[in-house]
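> give me a 3D structure for the following:
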Amino acid sequence: MKPSFPRYDVLIAGSGFAGSLAALVLQRMGWKVCVVEKARHPRFAIGESSTPAADMILRDLARQYDLPWLHAFSRYGSWCRNYPHVMRGLKRGFSFYKHYPGKAFYTNDQHEHELLVAASADDEHSDTQWLRADFDAFLVQKVQEAGIAYLDQAEILGVQEAEELTFTLQHEGLDRKLRADFFIDATGSPHLLQRLWQVPWTADDFYTHSFAVFSHFEQVPLWEEMLAGMGYKTQDYPYRADFSALHHILDEGWMWMLRFDDGRVSMGFVLDGHTDLPGLPLRQQNDMPAEPIWHQMLSRYPSLQELMRGARLCDQPGRLLRSARLQRQLLQVAGRRWVALPHTAGFVDPLFSPGNAHTLSGLERIVRIFQQDRHEHRQELLQRYARELQNEYWLIDTLIAGCYRTMTHFQLFIPWSMVYFACTIAYEQHRNAVSAACASHYPEGFLLAGRAEIRQMVKETWRALQHLPLKGNYSPHQIEAFTRTIRDCIAPFNTAGLLNPAVHNMYRHTTAEV
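The predicted structure follows:
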């Protein structure tokens, strides 16, 4: 007689926002779900920046699967009114400032070293920065309120696969077993699938090569206040730059600043692993801890050092952290009885905040696979999803690698970044055009990575970038020729006036109506 273990249709590992939302949606579809979490909420996490695409998917999930409370989290105004206790920040768009080593930040009336790209028309309809400790904990609470089985501080040790999956877990100091028909990995790491199904992962196929040093800080002054102190005017800005995804572009990489409404600021350097850090050869970088890298980078850029002079670390996490190389991809993202969400399956880089929207787009596709068919054709649909992810990682990697290639020359970085914004605009407009309620139709991959015309546009612009010399002082003619090539390539998708010289790098509204 078979032992009697708790049995579920789907076991989900990981209770970040994606794992919890997957559980809530699958339960609404009639599946019996269990969520297993290795840690305990609330917990520190990054991956905090929303985008119009992420917000659109949240609203579609809320409507399609009868989760009306979720809709409020898709815009800053409704979030503040309905869930003021769940901390968040205002994100009006993407702001970029180019710094040069050993020099204070400088620009001019034409915003030569600035780029602001609005993603919303006003604060009410704005995107948000998610304080992940609060947002993830709130969603876990919703999972528990829904009666979904939830185990935290539980580690999955192994799995046996036969007619069904039998998992061995360690929970509260005891080994226990659970049975499930299917497994979703929402851990955001390749290590569990590597252990359970021996799935290998690699970073070899990425152009991008970066790592991060980061934490949460308080008492960080507004960047715009520093600009005013240096005599720069910001009256023609399309929004307040501090209330956006603020990027300081450096020769070695970039720094992010994401501000929350309680005064906390998420900050991190993301550094190019192809580039020597000052006084530190590449071969030594992997062994260098977070703190000396942080202070070394601040010392290189006087305006950033001044900005951080009075700042201090928040209690959580209370220290500087560093990552290994950020790029990774599983060599298999789905099996007969399992699938990985996008952030588990792979990752490129946080530049332009693609992570949360990409994860949600993958979640959306996986639950539609379950919605369309409980068993028949599932493998075919999962393999389609796997192929789509490969296209998406290639697209995101190419777009971001081009940004690293141009970070030392901001007049090249500006046109190259517009390739990314052209892809996002096309994706958002396509989502608006397609009926979100129709489960058999959805965008052809995140950022339309499966569309031939998108891939061709990116390949053409990438070739143009490769034709530029790797290093040197680019002439005005070279910069104008490259900009013209980018402008011509993105023209079929450029409904927002990208690369219009008359706006002087200040774009007031570029997204689809969301």
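> which stretches in the stretch 201-350 of the chain count as helices?
223-229, 282-285, 290-300, 302-307, 342-345 (DSSP state H, counting those that start in this stretch).
> which one of those is the most hemmed in?
Mean neighbour count (mean count of other CB atoms under 10 Å) peaks for helix 342-345 among those, with a mean of 27. (C-beta placed from N, C-alpha, C; glycine too.)
> what residues does that one touch?
If you take CB atoms under 8 Å, 6 or more residues apart in numbering as the criterion, helix 342-345 is touched by 14, 18, 47, 185-190, 192-193, 329-330, 333, 355, 358-359, 361-362, 389, 392, 446.
> lowest mean pLDDT across the helices of the stretch 201-350 of the chain, which one is that?
Looking over the helices of the stretch 201-350 of the chain, mean pLDDT reaches its minimum on helix 282-285, with a mean of 62.
> just to revisit the earlier point, switch the helices of the stretch 201-350 of the chain over to TSV; also include distance to Trp130.
Below are the helices of the stretch 201-350 of the chain laid out as TSV (distance: least, CB to CB, whole Å):
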stretch	distance to Trp130
helix 223-229	21
helix 282-285	30
helix 290-300	23
helix 302-307	23
helix 342-345	14
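> closest to Glu480 out of the ones you listed?
helix 223-229 (27.8 Å; CB to CB).
> report all helices and strands that the closest one contacts.
Where contact means 3 or more CB pairs under 8 Å, 6 or more residues apart in numbering; DSSP states H and E, helix 223-229 is packed against helix 302-307.
> circling back: filter the contacts of helix 342-345 down to the buried ones.
Neighbour-count burial (16 or more other CB atoms under 10 Å) applied to the contacts of helix 342-345 gives 14, 18, 47, 185-190, 192-193, 329-330, 333, 355, 358-359, 361-362, 389, 392, 446.
> take those and keep only those in strands.
Judged by DSSP state E, strands contain the following of the buried ones among the contacts of helix 342-345: 185, 329-330.
> out of those, who's nearest Glu453?
When those are compared for distance to Glu453 (CB to CB), Gln329 wins out at 24.7 Å.
> what sits against the closest one?
Applying CB under 8 Å, 6+ apart to Gln329 gives the contacts 201-203, 205-206, 345-347, 393.
> do you know how far Asp136 is from Val86?
For Asp136, the distance to Val86 equals 10 Å [CB to CB, to the nearest Å].
> going by neighbour count, list what's buried in the longest helix belonging to the chain.
Counting residues, the longest helix found in the chain (DSSP state H) is helix 378-406. Under the neighbour-count criterion of 16+ other CB under 10 Å, helix 378-406 has 378, 381-382, 385-386, 388-406 buried.
> stretch 415-434 too?
For stretch 415-434, a neighbour-count test (16+ other CB under 10 Å) marks 415-431 as buried.
> again with stretch 311-322
Within stretch 311-322, the residues that count as buried by 16+ other CB under 10 Å are 314, 317, 320-322.
> let me have those in TSV, extended by distance to Gln371 and pLDDT.
Listed next are the buried residues of stretch 311-322 as TSV, based on distance: CB to CB, whole Å; pLDDT from 0 to 100:
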residue	distance to Gln371	pLDDT
Cys314	41	97
Pro317	38	97
Leu320	43	98
Leu321	38	97
Arg322	40	96
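> turn these into JSON lines, columns for distance to Ser266.
As requested, those are arranged in JSON lines below (distance: CB to CB, whole Å):
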{"residue": "Cys314", "distance to Ser266": "9"}
{"residue": "Pro317", "distance to Ser266": "11"}
{"residue": "Leu320", "distance to Ser266": "13"}
{"residue": "Leu321", "distance to Ser266": "11"}
{"residue": "Arg322", "distance to Ser266": "15"}
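> filter those down to the ones in strands?
Using DSSP E, those in strands are 321-322.
> what's the closest of the buried residues of stretch 311-322 to Val25?
Once CB to CB is applied, the member of the buried residues of stretch 311-322 that ends up nearest Val25 is Pro317, at 30.1 Å.
> please name the nearest non-neighbouring residue to that closest one.
In space, and not counting its chain neighbours, Pro317 is closest to Phe44: 4.5 Å by CB to CB, 6 or more residues apart in numbering.
> identify the residues contacting that neighbour.
The contact partners of Phe44, taken as CB under 8 Å, 6+ apart, are 132-133, 216, 316-317.
> and what of Arg259?
Arg259 neighbours (CB under 8 Å, 6+ apart): 89-90, 129, 220, 242-243, 246, 265.
> and if you look at Glu218?
Glu218 makes contacts with 263-265, 311-314, as judged by CB under 8 Å, 6+ apart.
> can you tell me which of these lies nearest to Met255?
Taking CB to CB as the measure, Met255 lies nearest Val265 of these, at 11.2 Å.
> so where's the chain uncertain?
Along the chain, segments meeting pLDDT under 70 span 1-4, 278-285, 373-376, 435-443, 510-514.
> please parse it into its domains.
Using automatic domain parsing, the domains assigned to the chain come out as 90-126+210-322, 409-436+450-514.
> of the ones you listed, give the one that comes closest to Glu172.
Of these, nearest to Glu172 by CB to CB is domain 90-126+210-322, at 24.7 Å.
> show me how far that closest one is from its chain's centre.
With CA atoms, centre = their mean, to the nearest Å as the basis, domain 90-126+210-322 stands 17 Å off its chain's centre.
> one more: stretch 406-426?
17 Å.
> over to stretch 133-144?
With CA atoms, centre = their mean, you get 19 Å for stretch 133-144.
> list the buried ones in that stretch?
Applying 16+ other CB under 10 Å to stretch 133-144 flags 133-140, 142-143 as buried.
> quick check: closest non-adjacent residue to the residue most central in space within the chain.
Centroid-nearest residue in the chain: Gly355, 2.0 Å away (criterion: CA atoms, centre = their mean). Once flanking residues are discounted, Gly355 sits nearest to Gly47: 5.2 Å by CB to CB, 6+ apart.
> with Glu306 instead?
Among residues not flanking Glu306 along the chain, Met226 sits closest, at 7.0 Å (CB to CB, 6+ apart).
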